[in-house]
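[1] here is my input; please provide its structure:
(one chain, ligands or ions: 1)
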Amino acid sequence: MKFFVDTAEIDAIAELNDLGMVDGVTTNPSLIKKSGRDIIEVTREICAMVDGPVSAEVTATDAETMIAEGRKLVEIAGNIAVKVPLTWDGLKACKVLSDDGHMVNVTLCFSANQALLAAKAGATFISPFIGRLDDINLDGMELIEDIRTIYDNYGFETQILAASIRSVNHILDSARIGADVITAPPSVIKAMVNHPLTDKGLDAFLADIKAAGIKIL
Ligand code: G3P
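    This next block holds a predicted model:
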């Protein structure tokens, strides 16, 4: 499973990237706003740091302008994936940009039928939003399962990029189902390391190290 980091914060990406935990990065207008940075400038910095795909989202809602924006975004670096919303115009832009040989991430996916359309339009990635479905008392994981089944039934190569990840269980469940990629905030990825028995076990070892005066260096 690939790990993408869902942030436009350079320092947070760098910390995880140094550990080999970053297979790509996703951004969106809200994350760019949060960073307080210029979209082109910050995206260029991220692309220079990370080898894998870096999603940068268009701002337009009509296909023609989305395509023009996408063509500008891909000039930033060779690892840009143009992010378009799952609208009819977004699908048109996806088809044109993917036919041109660019990576396209179709975002704001909330149904398996939408995911099927994105695959037909040549999307490189489909981004189902797990957390936002859970927010309205629906089952985000059921959507990931449905998309996995449908893509496997027909051999679609579009990668399932589980997004709107809010918890470590979202990551675990996505891995169990076989999502190709998860994108999560750095805090959620880092929280995967936590286990109370690890802390308890380490406390006991540290007490014995102290009691026995064990030294290595
Ligand atoms: O990757 C999409 C993600 O940024 C949305 O997450 O938590 O705003 O629903 P959230």
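[2] near the ligand, anything from whichever helix or strand residue 106 is part of?
    Using DSSP states H and E, the element containing residue 106 is strand 103-109. No. Figure legend: strand 103-109 not in contact with the ligand (C-beta under 6 Å from any ligand atom); closest approach 6.8 Å. C-betas here are computed from N, CA, C, even on glycine.
[3] also stretch 130-146?
    Yes. Using C-beta under 6 Å from any ligand atom, stretch 130-146 reaches the ligand at 131-132.
[4] need the residues that contact that stretch.
    109-112, 115, 128-129, 160, 162-166, 170, 173-174, 177, 179 (C-beta atoms under 8 Å, 6 or more residues apart in numbering).
[5] picking that back up, partners of the strand holding residue 106, with directions?
    Applying DSSP bridges to the sheet, strand 103-109 is found paired with strand 80-85 (parallel), strand 125-128 (parallel).
[6] tell me the mean pLDDT over the longest one?
    Right, strand 80-85. Average pLDDT, strand 80-85: 98.
[7] need the CA coordinates for that strand. PDB is fine.
    Extracted as PDB, the C-alpha positions of strand 80-85 are listed here (Å, rounded to 0.1, in the frame of the first residue of the first chain):
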ATOM      1  CA  ILE A  80       2.200  16.500 -10.800                       C
ATOM      2  CA  ALA A  81      -1.200  14.700 -10.800                       C
ATOM      3  CA  VAL A  82      -3.900  17.200 -11.700                       C
ATOM      4  CA  LYS A  83      -6.800  17.000  -9.300                       C
ATOM      5  CA  VAL A  84     -10.300  17.600 -10.700                       C
ATOM      6  CA  PRO A  85     -13.600  17.300  -9.000                       C
END
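[8] which residues does that strand contact?
    24, 26-28, 43, 47, 53-58, 61, 66, 69-70, 73-74, 90-91, 93-94, 97, 102-108, 124-125, 127.
[9] show me the residues you listed that map onto helices.
    Among the contacts of strand 80-85, the members found in helices (DSSP state H) are 43, 47, 66, 69-70, 73, 90-91, 93-94, 97.
[10] stretch 40-49: how far from the chain's middle?
    Once both centres are worked out by C-alpha atoms, centre = their mean, to the nearest Å, stretch 40-49 turns out to sit 16 Å from its chain's centre.
[11] ugh, typo on my part, it should be stretch 97-114
    Taking mean C-alpha positions (C-alpha atoms, centre = their mean), stretch 97-114 and its chain are 13 Å apart.
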